[in-house]
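Peer 1: this one's structure only:
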């Protein structure tokens, strides 16, 4: 009779352990599914942002490269002449640094 009780307790423990393993696997797979779904959502929003940014950037590039203000001619061909160079600046020479100059605060040094 004791063998039958031990066998019955062993089968019950084995069934409970199997159910616990199946439950734990379900929890892990549910968590993994949430991570995968969240990652897919973030990547989809990133793709959407990149598409919108690319289209808007291309539109801005097209408009700015095609824009010609009225009355300016044909771009670089009508650019004004470069300004004349400024005349060279002459610098007055100072006294050499090795000879002390007299200052009003130290007379007759």
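Peer 2: Received the coordinates, thanks. Being a predicted model, the structure only gives us computed values, none of them experimental. Numbers count the residues shown, from 1 in each chain.
Peer 1: break down the chain into its helices, ranges please.
Peer 2: Along the chain, counting by DSSP state H, helices occupy 2-66.
Peer 1: so, low pLDDT: which residues of it?
Peer 2: Residue ranges of the chain with pLDDT under 70: 68-81, 93-109.
Peer 1: try 90 this time
Peer 2: Judged by pLDDT under 90, the chain has its weakly predicted residues at 2, 62-109.
Peer 1: and residue 43, how far from residue 85?
Peer 2: As judged by Cβ to Cβ, to the nearest Å, residue 43 and residue 85 stand 57 Å apart. (Each C-beta comes from the backbone N, C-alpha and C, glycine too.)
Peer 1: hang on, I meant residue 9
Peer 2: Residue 9 is 104 Å from residue 85, by Cβ to Cβ.
Peer 1: before we move on, the earlier item: who's more crowded, residue 43 and residue 85?
Peer 2: Neighbour count, other Cβ atoms under 10 Å: between residue 43 and residue 85, residue 43 has more, with 10 against 6.
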